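Asker: can you look at this prediction? I've put the sequence above it.
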Amino acid sequence: MREHFELQGYDAAGRLGELTVPRADVTVETPALLPVINPHHETIEPRRLEMEFGAEMLITNSYVIYGSDEVREPALEDGLHDLLDFSGAIMTDSGSFQLAEYGEIDVTNEEILAFQHEIGTDIGTPVDIPTPPDVSRERAVDELATTQQRLEVAADLDFGEMLVNAPIQGSTYPDLRERAAGDAYGTGLDVFPVGAMVPLMNDYRYGDMIEAVMAAKRGLGEDAPVHLFGAGHPMMFALAVAAGCDLFDSAAYALYARDDRYLTVRGTRHLEDLEYFPCECPICTAHSPADLRDRSGDERMRLLAEHNLHVSFGEMRRIKQAIRRGNLLELVETRARAHPTVIDGYRALLAYVDQLEATDPASKDAFFYLSGESADRPEVQRHHDRLHRIELTGELLVRSDGVSATAGEYDDVWTVIPPFGPIPGGLEQTYPVTAEVPDRIDDRAYRSAIRGITALTEHSDASITFVHDGWPTSALDRLPDSVDVSTVPSE
């Protein structure tokens with residue numbers, strides 16, 4: 001059991017937690033955003049990130065510090081916290097990014113780990129091999145073996161109170177990601193970044209990103225804090241949290257600002273295309289787009305970076321509140337409408353509904369049906385699974401909501417409510433079937449309700465009659481032949 005990570009609550013696979021970082025003597029609330037700091041060019045000073053934006057943890061690159069005459073000696077002499085003027089937790093990368101970009105680095109795994117410890121890093125990182133997407137399986141397996149060997153070396157070294165990352169690789173092979181996660185978890189290391197995700201996110205391949213994350217989660221214990229390396233755009237934060245990610249590092253706030261790009265939770269806009277700022281942050285209330293365009297390059301970049309951070313940290317707070325309220329997936333569904341590739345990611349996530357249902361709370365305040373994807377949520381799956389437990393005999397009438405009583409003798413009468421399906425009498429006002437559902441229901445909600453009726457027939461000897469008020473043929477055609485079906489007008 002990893003005592004440094006304590007879980008506070010779940011919604012789907014998203015969770016609230018507390019990550020204790022002993023070397024910094026701080027506890028970081030998760031999900032958490034880690035702004036990336038370039039030690040040679042601080043777009044926004046780390047002290048301001050802490051005091052004005054609420055950053056509890058940063059990430060910087062130990063390999064850049066290691067190879068720089070300008071900052072190496074101050075880091076060794078004064079420590080990383082003094083160098084950056086930051087009192088929260090500091091994570092450092094090892095040079096794996098440079099390894100991916102340039103093919104080699106001039107430091108060994110043991111040397112860079114020792115250097116991270118020496119400069120006062122709170123969470124260090126071995127030199128893993130960031131295998132890109134879509135490479136051959138042979139290459140992915142070979143590089144994964146090297147990464148695992150380096151993690152085992154790190155686990156055998158004594159770094160005192162410094163926590164150590166155990167990156168999870170495996171390219172775009174879910175089985176390799178799952179196996180890598182299990183092996184990494186077995187080392188006893190502390191934090192588990194899902195690596196080599198930046199190429200997928202740069203290409204908006206959120207479905208493949210979710211496949212990798214869900215595979216990694218299957219190999220990890222629930223006490224494992226998961227870091228999504230390079231996840232910088234707030235558009236996909238809610239999706240990744242719902243998949244079970246706890247930590248996110250972002251250089252996007254600065255990189256986008258350098259290109260005059262303005263972040264929103266729905267995407268990115270170029271400053272030159274804006275006449276008004278659709279935001280209430282301090283930057284947007286004090287300035288107009290025209291005002292920022294008139295500023296010098298450095299000042300414009302800083303102001304845009306500040307806005308980008310306000311949006312990013314604001315989204316993290318919104319996500320935490322959604323987990324507490326039990327409506328995280330509704331937030332994800334709302335965000336998914338911003339971009340087709342996020343919808344693809346959300347649909348990929350819902351393909352693992354059984355995995356999500358394992359940690360999803362059995363009771364919440366409400367269920368809002370927002371789109372066809374809502375029919376595939378874990379709350380619906382749970383209801384269908386519980387129908388399998390019910391053994392019935394005799395004559396059962398199941399009728400769509402709104403159908404008046406029908407003639408005939410029945411041993412029991414249930415109501416069918418999309419997307420959940422059949423509901424025993426007297427439970428129509430209990431969660432989750434008290435869902436807020438639009439009057440104009442889509443076919444997926446009807447088909448989901450039919451799946452519920454089918455689930456009821458699979459473990460029941462009852463003779464079931466279904467009476468509806470004009471359901472679509474696309475749904476009714478999915479009913480088992482054993483169910484008698486008839487249509488009556490609604491009340």
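Answerer: Cool, got the structure.

Asker: for the stretch 51-200 of the chain, which segments count as helices?
Answerer: Taking DSSP state H, counting those that start in this stretch to define them, one finds helices in the stretch 51-200 of the chain at 62-66, 69-78, 80-84, 96-102, 109-118, 137-156, 174-186, 198-202.

Asker: the strand or helix carrying Glu211 to helix 174-186, inter-axis angle?
Answerer: Per DSSP states H and E: Glu211 is located in helix 206-219. For helix 206-219 against helix 174-186, the angle by axes from the mean of the first three to the mean of the last three CA atoms, to 10 degrees is 40 degrees.

Asker: quick check: which helices or strands does helix 206-219 pack against?
Answerer: For helix 206-219, the packing partners by 3 or more CB pairs under 8 Å, 6 or more residues apart in numbering; DSSP states H and E come out as helix 174-186, strand 192-194, helix 198-202, strand 226-228, helix 237-242, helix 340-350, helix 353-357. From N, CA and C alone the C-beta is placed, and that goes for glycine too.

Asker: quick check: Phe368 touching Leu328?
Answerer: No. Phe368 is beyond contact range of Leu328, at 11.8 Å (criterion: CB atoms under 8 Å).

Asker: ok, these two, which is more surrounded?
Answerer: Leu328 (27 against 14; other CB atoms under 10 Å).

Asker: need the per-residue pLDDT for that one.
Answerer: For Leu328, the pLDDT comes out at 97.

Asker: got the contact list for it?
Answerer: 11-12, 14, 238, 241-242, 319, 322 (CB atoms under 8 Å, 6 or more residues apart in numbering).

Asker: which of the helices of the stretch 51-200 of the chain is buried the deepest?
Answerer: helix 62-66 (a mean of 23; mean count of other CB atoms under 10 Å).

Asker: how about residues contacting it?
Answerer: With CB under 8 Å, 6+ apart, helix 62-66 has contacts from 38-40, 71-72, 75, 80, 83, 92-95, 98, 105, 107, 112, 115-116, 119, 121, 124-125.

Asker: would you mind writing the CA trace of it as CSV?
Answerer: Only the C-alpha atoms of helix 62-66 are listed here, as CSV (Å, rounded to 0.1, in the frame of the first residue of the first chain):
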residue,chain,number,x,y,z
SER,A,62,16.7,18.1,-14.6
TYR,A,63,18.7,17.3,-17.8
VAL,A,64,18.5,20.9,-18.9
ILE,A,65,19.8,22.0,-15.5
TYR,A,66,22.5,19.3,-15.5
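
Asker: for the record, mean pLDDT for stretch 196-211?
Answerer: Here the average pLDDT along stretch 196-211 is 95.

Asker: and what of stretch 427-438?
Answerer: Mean predicted lDDT for stretch 427-438 stands at 86.

Asker: follow-up on the earlier one: so which of the helices and strands packed on helix 206-219 gets nearest Leu292?
Answerer: For Leu292, the closest of these is helix 237-242, at 24.5 Å, according to CB to CB.

Asker: what is that closest one packed up against?
Answerer: helix 206-219, helix 297-325, helix 328-336, helix 340-350.

Asker: one more time with 7 Å, if that's ok
Answerer: helix 297-325, helix 328-336, helix 340-350 (3 or more CB pairs under 7 Å, 6 or more residues apart in numbering; DSSP states H and E).

Asker: so which of the ones you listed is nearest Arg451?
Answerer: Short answer: helix 340-350, nearest of the helices and strands packed on helix 237-242 by CB to CB, at 14.0 Å.

Asker: show me what that closest one is packed up against.
Answerer: helix 206-219, helix 237-242, helix 328-336.

Asker: shaky segments in the protein?
Answerer: 1, 100-103, 405-408, 489-491 (pLDDT under 70).

Asker: can you list the domains in it?
Answerer: 5-356, 372-487 (automatic domain parsing).

Asker: could you dump the ones you listed to a markdown table with distance to Lys364?
Answerer: Below are the domains of the chain laid out as a markdown table (distance: least, CB to CB, whole Å):
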| stretch | distance to Lys364 |
| --- | --- |
| domain 5-356 | 3 |
| domain 372-487 | 6 |
